[in-house]
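>>> just coords:
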């Protein structure tokens, strides 16, 4: 099985320098597996690799499209269950909604159903990061903005706050709740 170190150079130069889209599709399952397992640096590779997918995946065979959707769904679940991640939750949202143009609503509903500290910590990070983001008028961005400001996100943060594993995590969640409250006073 190809290791991250064996595929790292290819990941940097896939399609643009080495090989074509068929070769890329051949290595893509392993590259995505390595990203999900965080054996390949997701911070550096996720957006570029998924950028190649975004360009043409809707023209791929149906089975290949279904595989992309299934892998991204699994990647989202792994993300919600592990904190922190090389590929942060906002990058995942951008991959899902902006790059692949998948419906973000089911992913947010899944997030709302994850009543875990890790899901709440991702949300706390996003609440802090989102305030720094530039507003966007795309449908998915407006959906995300409304969801973050809504009751589901407050419930995730509050539930996790009351069962936080450490004072530091409790503070992180408390800070995010305060930002949430300030947003909703406007």
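That came through, no problem. Computed from a predicted model, the values in this text were never measured in an experiment.
>>> use CA for all of it now, contacts and neighbours both
Fine.
>>> low-scoring stretches of this structure, by residue?
Counting by pLDDT under 70, the ranges of the chain that qualify are 131-135, 186.
>>> ok, the residue most central in space within it - contacts?
Nearest to the mean C-alpha position of the chain, counting by Cα atoms, centre = their mean, stands residue 92 at 1.8 Å. Taking Cα atoms under 8 Å, 6 or more residues apart in numbering as the definition of contact, the neighbours of residue 92 are residue 76.
>>> distance between the helix or strand where it lies and the chain's centre?
Mapping residue 92 onto the secondary structure by DSSP states H and E places it in helix 89-93. Using Cα atoms, centre = their mean, to the nearest Å, the distance from the centre of helix 89-93 to the centre of the chain it belongs to is 3 Å.
>>> Distance-wise, check the residue nearest to the centre of the chain relative to residue 43.
For residue 92, the distance to residue 43 under the criterion Cα to Cα, to the nearest Å works out to 11 Å.
>>> swap in residue 151?
Between residue 151 and residue 43 the computed distance is 30 Å (Cα to Cα).
>>> try residue 170
Using Cα to Cα, which is the criterion applied here, residue 170 is 27 Å from residue 43.
>>> the more surrounded of the two?
Between residue 170 and residue 43, counting by other Cα atoms under 10 Å, residue 170 is the more crowded of the two (20 against 15).
>>> For my notes, confirm the more buried one occurs in a strand.
No: if the criterion is DSSP: H, G, I helix; E, B strand; the rest coil, then residue 170 is helix and not within a strand.
>>> Verify the stated contact: it with residue 161.
Yes: in this structure, residue 170 is within contact of residue 161 by Cα atoms under 8 Å, at 5.2 Å.
>>> quick one: the helices in the chain?
Counting by DSSP state H, the segments of the chain that form helices are 4-13, 21-36, 42-56, 62-81, 89-93, 105-113, 117-130, 139-149, 151-162, 167-185.
>>> Find the one among those helices with the highest mean neighbour count.
Looking across these with neighbours counted as mean count of other Cα atoms under 10 Å, the highest average goes to helix 117-130: a mean of 21.
>>> contacts for it?
Counting by Cα under 8 Å, 6+ apart, helix 117-130 makes contact with 80-84, 88-90, 111, 148, 153, 156-157, 160, 164, 169, 172-173, 175-177, 179-180, all of which sit outside it.
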